[in-house]
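J.: Task: produce atomic coordinates for the following.
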Amino acid sequence: MVVIMSFLIVETRTTTKINHISLIIYMSNYIYSLNKTFIQIDDPDPRASTPGTRKSEDRPSTFRAPTPAKLKRSRSASNNSKYIIKTTPEDKKQLDLKVARFFYGHNISFRAAQGKHFKNLCCELRPGYSPPSREAIGGVLLDQVYNEVREELKNNLINEEPVIITQDGWSSVHNDPIIAHCLFSANRSYLHSLQNTGKAKKTAEFCFDLIQDVIEEVTNQYERKVFAVCTDNENKMCKMRDLVRRQYPEMVTYGCAAHIMNLLEKDVGDSQIMKHVVELNKYFRNVHKAHGYLRDHGGVLPQLPNDTRWTSQVKCLESYTSNCHHYLAIRNEMIANNDDDMPITISRIIDNIAIQREASRLLDLLRKFANALDVLQSDSCTLADGVHVWLQLLHDPELDNHHASIKRKFLQWVEPFMVVSYISSPKYKDEWRNMLTTDGVSDLEDKAEEWLIGKGPEFLDAFWSYKMSDREIFPSYLFEISGRNSDAKRFWNIMKDRASRNRKLSIEFCELMKNLHSCPASSASIERWFSTVGFIWNKTRNRLGVDKATKLATVFRALRIADDVELGVES
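T.: From the prediction side, this is the model:
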């Protein structure tokens, strides 16, 4: 426009005869010609195709220049497009899943999804994105993530690892009876189901019917064979395992080694000394004034034994020995202040030096059982490891006074196939002979061989060859590279591969050994699942129900394991 006006001014200066009207007409024609040349917008006549009307080529073209406002909006939209993030329907689906996984992985209540602050956060992070509702997070999104985890479970079970089923009972936050089933494979436990048994009587037959359904589901849905069943050692569970053996003779069934060890620890710790310690700890824990004194003196919170908490007796004694000098200082301070609120029985326990000495000895004794219990309840503790832990306690000279109790509990737990696993483990190749010479357990080797004969006469020959380290079948270097840290399951996998090529050893025997070394020594993994479910299905979220609690616990554990792997933390 500046160029046009400059051109016109020059022309007006050189042409003096043009009057003002002529100048206006000249400017209009000039601008019109420019518009026709550079910005031509055809406006066809809508009546062109109508008979009797003038054709479009006969009608003069209409030219409209874009207004400044339109040009400004066009340039603004072009410049701002790179700063705008569009959320497509597919993007929203993926974002909804990520939000839902965040809720599940950190056990956040669904109600937080409808909170103002959460919505504002999502709006600030992604303008235009609307987060999922609490109904969606607790409904369709939960089902989708849970199905993904179940599909992963199915993929993990489709391999050569055996499947072990564990069963145990529990009470929900509503005190409803719950029976849980877990699948154990490749040193990892998976929650299969939680069932509210309601008013049904929990007999051995009832529990057998439940576990039979799980066995059939694993066989049909996952296309895997169940190798073993492990439960606690309650009388009802023992009868249930007998029913499993009758119905499925090819399976092995056994009790939980950690549960037996916990019962043994309670028996050893059940003494008059423990009763005095509990009485003293209970006073300083529950009486407000005494508890305030202890806090001012810098003492630790006194612990009490709990039937549902393993090694709680050790924690009780440890808190007592740590607070012992504080208890004495508190009693002296109260006497100096003429404060007679402390009962005379508590004062006598504090003043009794013999109780302190015996409590320290009892603590050292119970720590041996607690350390053994910590080993047995690990998912990586095999049957062979469990047998070795028990035999170590039997050979400990400091436990001679409890030798009979240890042997009784050990024989209550041990099965012949466990001894087969112990003898066939390269880790204990140089120790099992000495360990099995203890009085009362020396016949376990004969029982193990008798069990093998029942599996197949050729298995016993292979077992003897291993015991004698037959160099034609078991090369010496295989024993040299294996030691205390060797993996027995891997060893027998190698032997199975060699047997498939040289036929010097039964493949079925190697498969049996590998499966035995894949079994955990205890069912403690299902106890950890109870803790996970209790953490999610708590008093605050008591309306979840069994089905939703099962899904949330399964997804929670899967997401936390993924986080631990990413952070390099051992689960």
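
J.: CA only for contacts and neighbour counts going forward, please
T.: OK.

J.: Now do the same contact list for residue 244.
T.: Counting by Cα atoms under 8 Å, 6 or more residues apart in numbering, residue 244 touches 208, 251, 253.

J.: Please verify my assumption that the last one contacts residue 240.
T.: By that I understand residue 253. No. Look at residue 253 against residue 240 with Cα atoms under 8 Å: they stay out of range, at 9.8 Å.

J.: which residues of the protein score low on pLDDT?
T.: 1-83, 160, 478-485, 564-571 (pLDDT under 70).

J.: change it to 50
T.: Flagging of the chain using pLDDT under 50 yields the residue ranges 1-18, 32, 34-63, 71.

J.: where do the helices sit along the stretch 51-200 of the chain?
T.: With DSSP state H, counting those that start in this stretch as the criterion, the stretch 51-200 of the chain has helices at 68-80, 89-105, 116-125, 134-137, 140-157.

J.: For the ones you listed, give me a markdown table that also has distance to residue 461 and mean neighbour count.
T.: What follows is those, written out as a markdown table (distance: least, Cα to Cα, whole Å; neighbours: other Cα atoms under 10 Å):
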| stretch | distance to residue 461 | mean neighbour count |
| --- | --- | --- |
| helix 68-80 | 82 | 10 |
| helix 89-105 | 52 | 16 |
| helix 116-125 | 68 | 13 |
| helix 134-137 | 59 | 17 |
| helix 140-157 | 32 | 16 |
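
J.: Distance to residue 273 added to these, as JSON lines?
T.: Shown next, in JSON lines, are those (distance: least, Cα to Cα, whole Å):
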{"stretch": "helix 68-80", "distance to residue 273": "79"}
{"stretch": "helix 89-105", "distance to residue 273": "45"}
{"stretch": "helix 116-125", "distance to residue 273": "55"}
{"stretch": "helix 134-137", "distance to residue 273": "53"}
{"stretch": "helix 140-157", "distance to residue 273": "49"}
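
J.: Start from the N-terminal end of the protein and give the strands.
T.: 163-171, 177-185, 188-196, 226-231, 252-255 (DSSP state E).

J.: Please convert these to a markdown table, extending it with distance to residue 339 and mean neighbour count.
T.: Putting these into a markdown table (distance: least, Cα to Cα, whole Å; neighbours: other Cα under 10 Å) gives the following:
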| stretch | distance to residue 339 | mean neighbour count |
| --- | --- | --- |
| strand 163-171 | 45 | 21 |
| strand 177-185 | 49 | 22 |
| strand 188-196 | 54 | 18 |
| strand 226-231 | 53 | 24 |
| strand 252-255 | 54 | 22 |
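
J.: Turn the ones you listed into a markdown table, columns for distance to residue 300.
T.: Converted to a markdown table, the strands of the chain look like this (distance: least, Cα to Cα, whole Å):
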| stretch | distance to residue 300 |
| --- | --- |
| strand 163-171 | 31 |
| strand 177-185 | 36 |
| strand 188-196 | 35 |
| strand 226-231 | 36 |
| strand 252-255 | 37 |
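
J.: and the closest residue to residue 95 other than its chain neighbours, how many neighbours?
T.: Leaving aside its sequence neighbours, residue 95 sits nearest to residue 131 (Cα to Cα, 6 or more residues apart in numbering; 8.0 Å). As a burial measure, residue 131 scores 24 neighbours (other Cα atoms under 10 Å).

J.: repeat for residue 527
T.: Neighbours of residue 527 (other Cα under 10 Å): 16.

J.: I'd like the numbering to begin with 325 instead of 1 from here.
T.: With 325 as the first residue, the last one maps to residue 851.

J.: circling back: out of the helices of the stretch 375-524 of the chain, nearest to residue 497?
T.: helix 413-429 (19.4 Å; Cα to Cα).

J.: could you say what helices and strands that closest one packs with?
T.: In this structure, helix 413-429 packs against helix 464-481, helix 870-891, with contacts taken as 3 or more Cα pairs under 8 Å, 6 or more residues apart in numbering; DSSP states H and E.

J.: who touches that helix?
T.: 433-434, 453, 455-456, 461, 465-466, 469, 876, 879-881, 883-884.

J.: Determine the angle, from 0 to 180 degrees, between that helix and helix 464-481.
T.: Counting by axes from the mean of the first three to the mean of the last three Cα atoms, to 10 degrees, helix 413-429 lies at 70 degrees to helix 464-481.

J.: what about helix 413-429, distance to the chain center?
T.: Put simply, helix 413-429 sits 20 Å off its chain's centre (Cα atoms, centre = their mean, to the nearest Å).

J.: That helix to helix 870-891, inter-axis angle?
T.: Angle of helix 413-429 versus helix 870-891, following the same axes, to 10 degrees, is 90 degrees.

J.: Thank you kindly, that will do.
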